[in-house]
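Asks: attaching a predicted model along with its sequence, questions to come.
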2 protein chains.
Amino acid sequence: MPESPGPTDAVPATGVDLHLVLPPAGPRRAAVAAALRDAVRTGRLAPGTRLPAYRALAADLGVARNTVADAYAELVAEGWLTARQGSGTRVAERVAARTRPQRGTRQPTTPPVHNLRQGQPDASSFPRTAWATAARRAISAAPNDAFGPGDPRGRPELRTALAGYLARVRGVRCTPDEIVVCAGVAHALRLLLSGGVPAGPVAVEAYGLPFHRGIFAAAGVRTIPLGLDGHGTATDELTTRRAAGVRRVLLTPAHQFPTGGPLHATRRAAAVDWARQRDGLVIEDDYDGEFRYDREPVGAVQGLDPDHVVYLGSVSKSLSPAVRLGWMVLPPHLVDSVLAAKGEREAWTGVTDQLTLAEFIDSGGYDRHVRRMRQRYRRRRNQLVRVLADHAPHITATGIAAGLHAVLSLPPGSEAAALEAAAQRGIALDVLAGFRHPDAEVPHHDGLVVGYATPPEHRYEAALEALVRSLPPA
Amino acid sequence: MPESPGPTDAVPATGVDLHLVLPPAGPRRAAVAAALRDAVRTGRLAPGTRLPAYRALAADLGVARNTVADAYAELVAEGWLTARQGSGTRVAERVAARTRPQRGTRQPTTPPVHNLRQGQPDASSFPRTAWATAARRAISAAPNDAFGPGDPRGRPELRTALAGYLARVRGVRCTPDEIVVCAGVAHALRLLLSGGVPAGPVAVEAYGLPFHRGIFAAAGVRTIPLGLDGHGTATDELTTRRAAGVRRVLLTPAHQFPTGGPLHATRRAAAVDWARQRDGLVIEDDYDGEFRYDREPVGAVQGLDPDHVVYLGSVSKSLSPAVRLGWMVLPPHLVDSVLAAKGEREAWTGVTDQLTLAEFIDSGGYDRHVRRMRQRYRRRRNQLVRVLADHAPHITATGIAAGLHAVLSLPPGSEAAALEAAAQRGIALDVLAGFRHPDAEVPHHDGLVVGYATPPEHRYEAALEALVRSLPPA
């Protein structure tokens, strides 16, 4: 069928004559997209203007046809262009061009070929249908007041569902009144810093998430790293002179992040005893507590002493980091101050997500999803171990009894080179050094942190293959 | 009628013998409220216990009678106490006591009989079915990467939909790249304060939302009130000596909050001219711009100069305050700094709400819902005006050409009594004094701020009836 020009089409159907200048180096697709964006922004390409065919522009620019096709698609997604069957790709109709050149157009980072960064569940496995069904049920069953100004504690339906779920699955002891819903663990930490006594420095793990430390630093709170050995974080150090002023400690007891071991029972007891004696507070980030593969789950430390432990969790690993739902289980005496810090009304967490998660938990859909993902990630972990045994037997994976990532031990001093070698094969991942506290006094072991949950299922095998090829030789 | 003690009343009707200890200095009302809260929390005051009369407790504590009355009212609003005609003020009946002393059991506020507080759309009109349908479509059509870590700018689908919608409906001029999605206007203001130049004090309107001022105050930013007259906020004062150091101004140009007039064209031009000359910034809170009843909508000031105006909006009035979705349209040079303040990944706004709103806008469902609600609120407004004309012709409603609230002008000095009279009929609403900037130099006009959108449809007539009965006589 011949393409017929639309009403705003002032140029022949063969397409507009378009001169783009690309920088001599760098990714071609991004360069084509940037040049097109500029041409639209500055008004060189007027609204409604029809763009040249992929083939023609590709020939002009000396790039592959697909490069142009991808750049067009990107600009369509961003709303700069529109693509309608039968009328080609056109500049979107919009208001008159602005006079001065645009700034502030930070582009999304180009995705790597193989994403093995830690902390992300497989985005292609989001339970779309089940979630949408739960949403429809929850929205239809909600009382009217659910759509009024929200209670900052969170919806009672969700807090009730969570209290039951966390007791059953993680050994958390609480009533729904001791749960405060929030937008994630970062939000929870900020609320605790504004609303949670006690003050002073915070003890943290020698290796941990930089965003934790960043939140403390932004609040002017000093962090003091504890030691780390085969029994996990050295919580016995909390009673030493170095930690004299410390009354809060942040731990990842179920699966130390990122090194991967569980906190030993004596160390769990030491943390709780210290908190009782010092009137201190244990902040427990249970970031991936649902994913344990080889033995019984390690219960939450919170269950040992609900009056001295704040338990933090979210759906970021179990469902998706794009669903912004987290929770804090608080000692009763902290609930009011945390709520005061949060504000008089719910200003953060959307009611439909809250109601949907409550329904998803109550209906058993959440358990089913977690079970399915646990099986999938266990399989991926086993595959990783097998591939290493077959092709890089000098490299061992540790911290693999649980979680969504493994640590590959490297020869001393080889981290940076291994990261570079991986990047050259299009692999994004992290090294242990990135998680080390600057004041940590434990010896450093070089290692790659491999997020084996991140790639979509059909790309995992290729990612592993690329990974083993990038590893240092024996 | 003699007061009869209720079934749980174990003390004489003259009231409980109550010893409260107040700190020697500081605000008295807050101290009384805190002491009462503690007494209830710790169980010193059992559920059902009747509190002393204002007079008696005031004499005991050596504070004004109104101080006690206000503290009681606050605790009633928080659900600690209940006030019933004929049985005085009592400690609320609450859930069974736990063995260990309960703390952190802030109760949800007891809803008033008639809620006429401003700023809330009718919660019973949330478009449940249409929203659930849009959610299902959006979740099913989303690319996989939508469920990975989110871009802090917000989903491209939503920013594209918003750019088109805001251009069409509000005359906003922007590309999707200049929009940053956020959790609401409060979040937007916080991001602007962290990421938006310029620094220094902020000019605000003489009457405005206390939460705006609270966010500025929490960030240590001084607010300077501008004048207000029949042409709206006196933006011409921005060039006077009083505003010498000011380079930011927060305005509600479409419908001044809460007095209700649109900003006059000369005042709009004055704000934009000032911003250009001073390299300043106009922050436009378009909080109810979609609800205009009697003439053509007033376009956004942003359209006059996208390089000097930050445009803020949300779904809080158009859909529900429980859906935490807002947007900022930023001058291009501010996009990167606001994104840096927001963080590397989306940590706040859930992806399903974002995708659902995009689908809801694109499918025309959002327009249909707004149109339906506009008709409903116009009808309610007309009914309010009619009821006043019939039953309280000495009271006039102003600021009614738009929005979800009206201001009822009262005789000088009668606000507090009118509020009290309304409360006695179970009506919750606000008075103008609550929105006045403490440094405002404009004359104060007493008035009730009536949120006529708030009640559910079937309760509106009864709310109006109760309202007119509570108004001061001619």
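Replies: The structure has been received and is ready for your questions. Given the structure is predicted, the values throughout are model-derived calculations rather than measurements. Numbers count the residues shown, from 1 in each chain, chains lettered A, B, ... in the order given.

Asks: what's the burial count for residue A:474?
Replies: Using other C-beta atoms under 10 Å in any protein chain shown, residue A:474 has 8 other residues around it. (C-beta placed from N, C-alpha, C; glycine too.)

Asks: over to residue A:286?
Replies: 26.

Asks: apart from its chain neighbours, what residue comes closest to it?
Replies: residue A:313 (4.9 Å; C-beta to C-beta, 6 or more residues apart in numbering or on different chains).

Asks: helix or strand: which one has that neighbour?
Replies: Following DSSP states H and E, one finds residue A:313 within strand A:309-314.

Asks: do the same with residue A:282
Replies: Going by DSSP H and E, residue A:282 is in strand A:281-285.

Asks: partners of that strand in the sheet?
Replies: Strands that pair with strand A:281-285, judged by DSSP bridges, come out as strand A:248-251 (parallel), strand A:309-314 (parallel).

Asks: what residues sit buried inside the helix or strand harbouring residue A:464?
Replies: Using DSSP H and E, residue A:464 sits within helix A:460-470. Across helix A:460-470, burial judged by 16 or more other C-beta atoms under 10 Å in any protein chain shown covers A:460, A:463, A:464, A:466, A:467, A:470.

Asks: okay, and residue A:193 sits in which element?
Replies: Using DSSP H and E, residue A:193 falls in helix A:185-195.

Asks: against which helices or strands is that helix packed?
Replies: strand A:179-182, helix A:210-218, strand A:281-285, strand A:309-314, strand A:326-329, helix A:332-342 (3 or more C-beta pairs under 8 Å, 6 or more residues apart in numbering or on different chains; DSSP states H and E).

Asks: elements contacting the helix or strand following the second one?
Replies: What it means is helix A:210-218. Remark: after helix A:210-218, the chain's next helix or strand is strand A:223-225, criterion DSSP H and E. Here strand A:223-225 touches strand A:202-204, helix A:210-218, going by 3+ C-beta pairs under 8 Å, 6+ apart.

Asks: which elements pack onto the longest one?
Replies: In this structure, helix A:210-218 makes packing contacts with helix A:185-195, strand A:202-204, strand A:223-225, judged by 3+ C-beta pairs under 8 Å, 6+ apart.

Asks: and residue A:114, how far is that from chain B?
Replies: 14 Å (C-beta to the nearest C-beta, to the nearest Å).

Asks: measure how buried that residue is and give me the count.
Replies: Using other C-beta under 10 Å: residue A:114 sits among 23 other residues.

Asks: beta-bridge partners for it, please?
Replies: residue A:427.

Asks: let me see the contact set for it.
Replies: A:425, A:426, A:427, A:428, A:455, A:459, A:462, A:463, A:466, A:467 (C-beta atoms under 8 Å, 6 or more residues apart in numbering or on different chains).

Asks: please apply the same query to residue A:388.
Replies: A:395, A:396, A:397, A:408, A:468.

Asks: tell me which element it is part of?
Replies: helix A:365-391.

Asks: just how off-centre is the strand holding residue A:313 within its chain?
Replies: Put simply, strand A:309-314 sits 17 Å off its chain's centre (C-alpha atoms, centre = their mean, to the nearest Å).

Asks: ok, stretch A:26-36 next?
Replies: 28 Å.

Asks: just give the number of residues close to residue A:229.
Replies: Residue A:229, neighbours per other C-beta under 10 Å, totals 12.

Asks: grab the nearest non-local neighbour of it.
Replies: Closest to residue A:229 by C-beta to C-beta, 6+ apart is residue A:442, at 7.7 Å.

Asks: what pLDDT does that neighbour get?
Replies: Note on residue A:442: pLDDT of 95.

Asks: show me the shaky parts of the stretch 201-350 of chain A.
Replies: A:295-297 (pLDDT under 70).

Asks: would you mind listing what in it touches chain B?
Replies: A:320-325, A:330-336, A:339, A:343, A:345-350 (C-beta under 8 Å from any C-beta of the partner chain).

Asks: list buried residues within these.
Replies: A:320-325, A:330-332, A:334-336, A:339, A:345-350.

Asks: circling back: can I get the helices and strands packed on helix A:185-195 in TSV with distance to residue A:32?
Replies: Converted to TSV, the helices and strands packed on helix A:185-195 look like this (distance: least, C-beta to C-beta, whole Å):
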stretch	distance to residue A:32
strand A:179-182	42
helix A:210-218	34
strand A:281-285	43
strand A:309-314	38
strand A:326-329	40
helix A:332-342	46
